[in-house]
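*Asks:* sequence and computational prediction follow.
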Amino acid sequence: MRMSVLASGSTGNSIYVESDQGKVLVDVGLTCKRMEMLLNEIGESLSNIDAIFITHEHIDHIKGLKVIAKKYKIPIYANKNTWDMLDKKNLLIDPDLRFHFNPLECKYLLGMDVSSFNVSHDAIDPQFYTFSQNNKKISIITDTGYVSDQMKGIIKDSDVFVFESNHDVDMLRMCRYPWNTKQRILSDVGHVSNEDAAHAMSDVITGRTKRIYLSHLSQENNIKELAHMNVEQVLNSYNIDTNNDILLCDTDKSIPTEIYQL
């Protein structure tokens, strides 16, 4: 398999995953035009995408969905409750492009075993995905207020993690956000902090883990260097070697990561 984090952050999210039988996106949280540009930067095109997996209905995950579906006729997978919310947003997705992928399902698609699992976030029924082929596994988990034992059990032993490292708690407490917004982010249906993410990572990293992409960083309450340092310090405290065994990778709101082949 091959993958790239095309964009990650509060302004838009999308991840590219490729098997030897097809190419997919997890979320399309940027405009169609911007998605085309991001894919072009890694030598790909929306016209070559075989499926889109939607995690939840928040705009930073579905912004380009309506136009992309209409223009490119790509099959779209989401759970029933998320489809109901998308319908309320009047996206008018062609029924022939709509497919149900409900929580805790596993489907064999495009040569990959794709599994879904719920996370804890203030959306109607948020879920994320793992992709496996030829004994290689990619797990994607962002937009969650905490990482439960069930989530850990599903994503454990992955070769690659795309893992939320949303905020620094001190920066969040000191920022200009209203108190109710801070409470929401810090809650069990908000986002995980750098340190909480790292503690969760320590429970799912195994000897096969090679890369962790630190994702969905807050523009206001985090910076790449701080997230990287915080996560590295916690993992090192568990004797996880981030210099030789595992590579911590930064992501960006507008610059794709280089294609990585598992």
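*Replies:* Nice, I can see it.
*Asks:* export stretch 54-69 as PDB, just CAs?
*Replies:* In PDB, the C-alpha atoms belonging to stretch 54-69 read as follows (Å, rounded to 0.1, in the frame of the first residue of the first chain):
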ATOM      1  CA  ILE A  54     -16.400   9.900   5.000                       C
ATOM      2  CA  THR A  55     -15.800  10.000   8.800                       C
ATOM      3  CA  HIS A  56     -18.400  12.500   9.900                       C
ATOM      4  CA  GLU A  57     -20.400  15.500   8.700                       C
ATOM      5  CA  HIS A  58     -18.300  18.400  10.000                       C
ATOM      6  CA  ILE A  59     -17.400  20.800   7.200                       C
ATOM      7  CA  ASP A  60     -13.600  20.300   7.500                       C
ATOM      8  CA  HIS A  61     -14.200  16.700   6.400                       C
ATOM      9  CA  ILE A  62     -16.800  17.100   3.700                       C
ATOM     10  CA  LYS A  63     -16.400  20.600   2.100                       C
ATOM     11  CA  GLY A  64     -15.600  19.300  -1.400                       C
ATOM     12  CA  LEU A  65     -18.000  16.300  -1.300                       C
ATOM     13  CA  LYS A  66     -20.900  17.800  -3.300                       C
ATOM     14  CA  VAL A  67     -18.900  19.100  -6.200                       C
ATOM     15  CA  ILE A  68     -16.600  16.100  -6.300                       C
ATOM     16  CA  ALA A  69     -19.400  13.600  -6.300                       C
END
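*Asks:* report the distance from it to the chain centre.
*Replies:* Remark: stretch 54-69 is offset 13 Å from the chain centroid, using CA atoms, centre = their mean, to the nearest Å.
*Asks:* over to stretch 193-203?
*Replies:* 16 Å.
*Asks:* try stretch 140-152
*Replies:* 11 Å.
*Asks:* do stretch 149-162 as well
*Replies:* Counting by CA atoms, centre = their mean, stretch 149-162 comes out at 13 Å from the chain centroid.
*Asks:* same deal with stretch 254-262?
*Replies:* 14 Å.
*Asks:* over to stretch 124-140?
*Replies:* 9 Å.
*Asks:* do the same with stretch 195-214
*Replies:* The answer for stretch 195-214 is 14 Å, by CA atoms, centre = their mean.
*Asks:* how about the helices of this protein, start to end?
*Replies:* In the chain, the segments counted as helices under DSSP state H are 32-41, 59-62, 65-72, 80-88, 149-155, 169-174, 179-186, 194-204, 224-237.
*Asks:* want to try a markdown table for the ones you listed, with mean pLDDT as columns?
*Replies:* What follows is these, written out as a markdown table (pLDDT from 0 to 100):
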| stretch | mean pLDDT |
| --- | --- |
| helix 32-41 | 98 |
| helix 59-62 | 98 |
| helix 65-72 | 97 |
| helix 80-88 | 97 |
| helix 149-155 | 98 |
| helix 169-174 | 96 |
| helix 179-186 | 95 |
| helix 194-204 | 98 |
| helix 224-237 | 97 |
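*Asks:* nearest to Met1, out of those?
*Replies:* Between Met1 and the helices of the chain, the shortest separation by CB to CB is 15.5 Å, and it involves helix 149-155. Every C-beta, even on glycine, is put in place using the N, C-alpha and C of the backbone.
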